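1. My questions are about this predicted structure, shown below with the sequence.
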Amino acid sequence: MDDPVILGTTGHTYERSQIAQWIQHKCTNPCTGARLKATERTLIPNIALLDAITAYRIAEEQSTHDKSICKDDMPKASAPPPTEEEMYALIHQLYNESRCGKMASWKRLTDLSSRGDMLAKAYVSLLLHKNETSLIKENVSKSHLLAGEILHWASSFTTVSPYVSTVLGLYYYHGVGVSKDLRDAVQALEVGVEGDVITAQCALGCCALLGKGMRPDYTIGARLTRLAADQGFALAQRNLGWCYEFGRGVEKDRAAAMRWYSLAATQGYAPAQYSLGVCYAKGWGGPREPLQAVRFYRMAAEQGEERAVAYLRRKGFLRPVDIDSGDLVAQLFMRCRCGDKDAFTRLSRMPSYLAKAYVSIFLCSSETLFIRRDKSKATALAAEVLPILHLNNSRCPSPHIHCALGYMSFYNLSRENETAHYFTLAARQKFVLAQCALGWCYLNGAAELKKNYKKAFKYLLLAAKQGYAAAQCSVGYCYHTGQGVRCDYAKAARYYGLSADQGYAFSQSNMGIMYERGLGVERDIAKAISFYEAAAAQGEETSQRALSRLGF
């Protein structure tokens, strides 16, 4: 350790360069995972530890100097590099989780690929060729390009390992970088199965079940599939569920089919979620449960599972507005406003019309600083979703639809001028986004509403108590300026702080002002700068100007 520092008030010591990078990307406590408050991000030099390290190094150098040259020249022990089996285990886990829509796993897999790990590069090429989740954008040309590198690399070996042979088998099976040849695929996958490679067990089992590259053999297919399913591979678990559902290689047992589908669906595997929805819809393996069926169809549709999307469209469920999915869209909307780019990525990839409505709203709004405004794209999205929202609003009105229509009216994405009407309908049903929006309209005299500070404060406080960062910021502003409530700098700072802790840039900027001027808190320029820096990093202009004024 060259530059030990203490992280804020946590009391834990880290290397400065590493913890600074961690805070920049994660902004959480490395020990507990809790989000760090702005005041906890200060790095304080650990002088005592630095002195101890320096003293130890001086003593070590003196001791080393007294030793023989032979000992001095001995190489230092280092951790052995991971074995091929260990790397495959990691890459297979990331591959499985990527197929289940786990964005962090996909990022880590692509990172390993970019660092030159050939096995990781191989599985990235397979996922790019035929993705099963909206998380990964299909890119066949890049898939073939990566496969060409793998094939050239594999040709340099006299004999290939079971892991490489499995990749070659999958290339032949899908026609990635080579002409599709099912017989060659089977031969290569058999080498992988002999080496107990999970992916090979699942793929060869699929060949045996479907009769691809070999004669159909349900018994062998089910046995190989079970080997992979027992090790947690979601695709194999879903395929084994299919075997039990239709009695292929095992005795027909729809209750067992549901159990295997459920195991894969729990991991987030969209085809399994669809299959589980079918079981609930038809009463296979238990009583019919239509609501559960729709729930799983929607989970699959949110990852782009086309059969699930087609079912929902056919049945009139054109957007998820129930408790699970509607609230998920609302949560993603609130996280986007706090600068969460991953939340916006997930929101924009959801096939839900409600999600598309909120994406169009973000493209018009200047509040979410990391999203580039694009009115033409917003208008195109609005033209697509408005008829659907109005249709569903006439069938089964909900606060989620009312709020979305209110926002679209506010940003002139619809021809009607009923912003206040829709926000009021949703706010009366205690919908947090609408409570905040309606309070903001009363606060600023927007949407043809007269300014009414008391009503504004009432609605904003209702939303703030539910943890909505934008509402907490507005409540802080009311206390700060005395609008609708008696001026109270201490309460203003408290609400700004609650919002700033969630990453809301405007509250971070306001907290900087409070600490710089000593309003409601003890004057502390260091903390003010810390808050300004956090907001400026998101592009908040007031904080950027404040830092420039303070010489930073």
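-> Nice, I can see it. Residues are numbered from 1 along each chain as shown.
2. is it true that Pro82 lies in a strand?
-> No: counting by DSSP: H, G, I helix; E, B strand; the rest coil, Pro82 falls outside a strand, being coil.
3. Can you tell me the element the nearest residue to it once chain neighbours are set aside falls in?
-> Closest residue to Pro82 apart from its sequence neighbours, by Cβ to Cβ, 6 or more residues apart in numbering: Leu90 at 7.7 Å. Every residue, glycine included, has its C-beta placed from N, CA and C. Here Leu90 sits within helix 84-99, counting by DSSP states H and E.
4. Equivalent analysis for Ser156, please.
-> Using DSSP H and E, no helix or strand contains Ser156.
5. I'd like the distance between it and Ile150.
-> Computed as Cβ to Cβ, to the nearest Å, the Ser156 to Ile150 distance reads 11 Å.
6. quick one: which of those two has more around it?
-> Ile150 (23 against 7; other Cβ atoms under 10 Å).
7. list the contacts for Leu389?
-> By Cβ atoms under 8 Å, 6 or more residues apart in numbering, Leu389 lies in contact with Arg319, Tyr353, Leu354, Ala357, Ile401, Ala404, Leu405.
8. out of these, who has the most neighbours?
-> Going by other Cβ under 10 Å, Ala404 tops these with 34 neighbours.
9. between the contacts of Leu389, which is closest to Arg335?
-> Leu354 (15.7 Å; Cβ to Cβ).
10. how many other residues sit next to the residue nearest to Asp488 when sequence neighbours are not counted?
-> In space, and not counting its chain neighbours, Asp488 is closest to Tyr479: 4.8 Å by Cβ to Cβ, 6+ apart. Neighbourhood size, Tyr479 [other Cβ under 10 Å]: 23.
11. Tell me which helix or strand Ala293 sits in.
-> In this assignment (DSSP H and E), Ala293 forms part of helix 290-301.
12. immediately after that helix, which helix or strand?
-> Taking DSSP H and E, what comes next after helix 290-301 is helix 306-315.
13. one step back: now the helix holding Ala293: buried residues?
-> By neighbour count on 16 or more other Cβ atoms under 10 Å, the buried set for helix 290-301 is Gln292, Ala293, Val294, Arg295, Phe296, Tyr297, Arg298, Met299, Ala300, Ala301.
14. now stretch 467-486
-> Residues 468-480, 483-485 are the ones in stretch 467-486 that count as buried (16+ other Cβ under 10 Å).
15. residues in contact with Gln201?
-> Gln201 touches Gly192, Val193, Leu224, Thr225, Leu227, Ala228, Ala236, counting by Cβ under 8 Å, 6+ apart.
16. re earlier: which elements pack onto the helix holding Leu90?
-> Judged by 3 or more Cβ pairs under 8 Å, 6 or more residues apart in numbering; DSSP states H and E, the packing partners of helix 84-99 are helix 103-114, helix 118-129, helix 198-210, helix 234-246.
17. Of all these, which one is nearest Arg346?
-> Here helix 103-114 is closest among these (Cβ to Cβ), at 7.4 Å.
18. before we move on, back to that, out of the helices and strands packed on helix 84-99, which comes closest to Gly283?
-> Once the helices and strands packed on helix 84-99 are compared by Cβ to Cβ, helix 234-246 is nearest, at 12.9 Å.
19. pull the helix or strand with minimum mean pLDDT from this protein.
-> Sorting the helices and strands of the chain by mean pLDDT, DSSP states H and E puts helix 69-73 at the bottom, at a mean of 45.
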